[in-house]
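Novice: Sequence plus predicted model, see below.
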Amino acid sequence: MSITVPCKVTWQFNMPVRLLSSSVLKWPDVQTVEKAVRRWAEVIDQNRKDVLRIGYFGSYARGE
């Protein structure tokens, strides 16, 4: 029995990108991350009535 479900990304996330002239990764700012989380949560809320709560954690959630 598998609990995984096929999933197709419907929008692109602003994940870290490598600058062409540098080896440094540029991460999205906290506002970009929070906006993406809220947008994703709205989609889940509308389409998945079995989901009771959504949260996020890590450095962005802690405000670091």
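Specialist: Alright, I've got the coordinates.
Novice: Give the buried residues for the longest helix anywhere in the chain.
Specialist: Longest helix in the chain by number of residues (criterion: DSSP state H): helix 30-47. The neighbour-count check on helix 30-47 (16 or more other CB atoms under 10 Å) flags 33, 36-37 as buried. Backbone N, C-alpha and C define where each C-beta goes, glycine included.
Novice: From those residues, pick the one nearest Gly55.
Specialist: Proximity of those to Gly55 was ranked by CB to CB; the top entry is Val37 with 9.0 Å.
Novice: which ones are touching Tyr60?
Specialist: When contacts are counted by CB atoms under 8 Å, 6 or more residues apart in numbering, Tyr60 touches 30, 33-34.
Novice: Can you spell out which helices and strands pack onto the longest helix of the chain?
Specialist: Other elements packing on helix 30-47 under the criterion 3 or more CB pairs under 8 Å, 6 or more residues apart in numbering; DSSP states H and E are helix 59-62.
Novice: May I see the buried residues of the helix it packs on?
Specialist: Residues of helix 59-62 classed as buried under the neighbour-count rule (16+ other CB under 10 Å) are Tyr60.
Novice: quick revisit: and the buried residues of helix 30-47 as a markdown table, adding distance to Val43 and pLDDT?
Specialist: Below are the buried residues of helix 30-47 laid out as a markdown table (distance: CB to CB, whole Å; pLDDT from 0 to 100):
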| residue | distance to Val43 | pLDDT |
| --- | --- | --- |
| Val33 | 16 | 84 |
| Ala36 | 11 | 88 |
| Val37 | 11 | 88 |
